[in-house]
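1. Following is a predicted model, sequence given first.
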Amino acid sequence: MEQVKVALRVRPLLPTERERGEDANISVLPGGTNVRVVTRVNRGTQNQLHTFEMDYCLGPEVNQQGVFVGLGIADMCDAVFEGKAATVLCFGQTGSGKTYTMSGQAELEDTGQTARDGIQFAAARYIATMRDRLMTVNGDASMTIKLKVSYLELFNERINDLLNGSEGLRCRWSRDANSFFVEDLMLVECLNADDFILALQEGLFRRKRAEHFLNTHSSRSHVLFTVYVEVSEGDGPTRHGKITFVDLAGSERLRDTGSQGDDSKSINRSLFVLGTLLKNFPNATH
């Protein structure tokens with residue numbers, strides 16, 4: 001299995017775009033791995049076609065559940081119970097649908113499971129159901145499964161805890177675990193799907209936002225929602241897995257947004273570093 005896979009989701013035109021008479025200039029080609037982009041050149045007198053290949057391409061007709069199923073998020077969640085780690089990142093320009101894809105409508109209304117659920121809400125429900133299923137199949141007390149979550153925000157290079165409101169947390173290096181961790185980050189144990197949903201909704205309301213020209217409800221921070229799975233079975237070794245859902249701040253040129261200040265510069269700088277990391281990740285040795 002490849003370490004990094006890329007999916008592109010094409011959103012439908014917004015009502016304001018339709019009112020301006022704009023046309024959809026991106027289309028998914030048959031096969032679901034290529035998109036065609038039409039750009040206007042020569043002062044708008046000619047069309048120029050560009051084709052790009054991805055691992056997955058999802059058209060505007062694909063709903064939220066289709067994204068969850070089509071990208072194999074359930075398989076990633078299953079792997080976490082085997083002690084593996086996985087990450088799902090949403091990246092793109094402001095207004096492209098990142099937060100909707102990741103969170104759906106949950107931050108706007110308190111509803112039950114719907115087709116508008118974002119990836120992380122659908123995954124949370126799936127993980128809770130998977131835990132119950134494994135415990136039922138096991139049928140005795142030899143297996144225990146603990147589920148915990150954390151939710152943090154990176155805003156202007158400061159780490160904030162979205163579950164308890166703490167700000168300015170420190171990132172540390174653990175020699176024992178050979179990885180970074182956030183000191184004093186709150187972990188909340190989740191006993192069922194409702195616990196997951198409450199944690200997600202609480203974090204979403206704390207996320208930093210600011211208006212700019214491209215999106216009046218724009219997310220101005222990176223957020224990471226992580227589910228930690230601990231599986232103990234008999235006398236065997238305890239398995240520790242986790243899956244992290246990352247909703248990145250909008251990527252755009254400053255002159256297009258009208259944004260000023262350190263937050264936009266910090267966003268673009270951090271996204272540049274992330275791009276460099278992903279480019280070199282398949283060849284990394286440690």
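-> Arrived safely.

2. those strands in the stretch 51-200 of the chain, which residues are they?
-> Along the stretch 51-200 of the chain, the stretches classed as strands by DSSP state E, counting those that start in this stretch are 56-58, 85-90, 143-155, 158-161, 171-174, 179-182, 188-189.

3. mean pLDDT lowest for which of those strands?
-> Lowest mean pLDDT within these: strand 179-182, at a mean of 87.

4. who does that strand pair up with?
-> strand 171-174 (antiparallel) (DSSP bridges).

5. ok, and what's touching the partner strand?
-> Ile159, Ser179, Phe180, Phe181, Val182, Glu183 (CB atoms under 8 Å, 6 or more residues apart in numbering). C-beta coordinates here come from the backbone N, C-alpha and C atoms, glycine included.

6. What ranges does the chain have for its helices?
-> Counting by DSSP state H, one finds helices in the chain at the ranges 15-19, 64-70, 73-80, 98-103, 119-138, 193-206, 254-257, 262-280.

7. okay, the angle between the fifth one and helix 193-206?
-> Between helix 119-138 and helix 193-206, the angle formed by their directions is 160 degrees, by axes from the mean of the first three to the mean of the last three CA atoms, to 10 degrees.

8. Show me which residues of helix 119-138 are buried.
-> Buried positions in helix 119-138, judged by neighbour count with 16 or more other CB atoms under 10 Å: Ile119, Gln120, Phe121, Ala122, Ala123, Ala124, Arg125, Tyr126, Ile127, Ala128, Met130, Arg131.

9. quick one, phi/psi of the residue lying farthest from the centre of the chain?
-> Distance to the chain centre peaks in the chain at Thr45, reaching 38.6 Å (criterion: CA atoms, centre = their mean). Note on Thr45: backbone dihedrals following degrees, to the nearest 10 are phi -90, psi -10.

10. so where's the stretch 151-286 of the chain shaky on pLDDT?
-> 208-220, 251-286 (pLDDT under 70).

11. do you know how far Ser142 is from Asp235?
-> Shown here: Ser142 relative to Asp235, a distance of 9 Å by CB to CB, to the nearest Å.

12. beta partners of Thr226?
-> Taking DSSP bridges as the rule, Thr226 bridges to Ser150, Thr244.

13. That one and Lys242 touch, don't they?
-> Yes - Thr226 is in contact with Lys242 according to CB atoms under 8 Å; the separation is 5.7 Å.

14. before we move on, back to that, include distance to Lys148 when you put the helices of the chain into CSV, please.
-> Shown next, in CSV, are the helices of the chain (distance: least, CB to CB, whole Å):
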stretch, distance to Lys148
helix 15-19, 40
helix 64-70, 22
helix 73-80, 12
helix 98-103, 20
helix 119-138, 11
helix 193-206, 10
helix 254-257, 36
helix 262-280, 25
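
15. so which of those gets nearest Ala7?
-> Smallest distance to Ala7 across the helices of the chain (CB to CB): 8.0 Å, for helix 64-70.

16. helices and strands around that closest one, which ones?
-> Other elements packing on helix 64-70 under the criterion 3 or more CB pairs under 8 Å, 6 or more residues apart in numbering; DSSP states H and E are strand 56-58, helix 119-138.

17. Which one of these lies nearest to Val28?
-> Nearest to Val28 among those is strand 56-58; the distance by CB to CB comes to 4.6 Å.

18. Sort out which residues of the closest one are buried, please.
-> Buried residues in strand 56-58 (16+ other CB under 10 Å): Tyr56, Cys57, Leu58.

19. Stretch 75-93 too?
-> By neighbour count, with 16+ other CB under 10 Å as the criterion, the buried positions of stretch 75-93 are Met76, Cys77, Asp78, Ala79, Val80, Phe81, Ala86, Val88, Leu89, Cys90, Phe91, Gly92.

20. Quick check: chain neighbours aside, which residue is closest to the fourth one?
-> Leaving aside its sequence neighbours, Ala79 sits nearest to Ala86 (CB to CB, 6 or more residues apart in numbering; 6.2 Å).

21. Let me see the contact set for that neighbour.
-> With contact set as CB under 8 Å, 6+ apart, Ala86 has these partners: Met76, Cys77, Ala79, Val80, Lys242, Ile243, Thr244.

22. could the residues you listed go into CSV alongside distance to Val149?
-> Shown next, in CSV, are the contacts of Ala86 (distance: CB to CB, whole Å):
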residue, distance to Val149
Met76, 16
Cys77, 13
Ala79, 18
Val80, 12
Lys242, 10
Ile243, 10
Thr244, 10
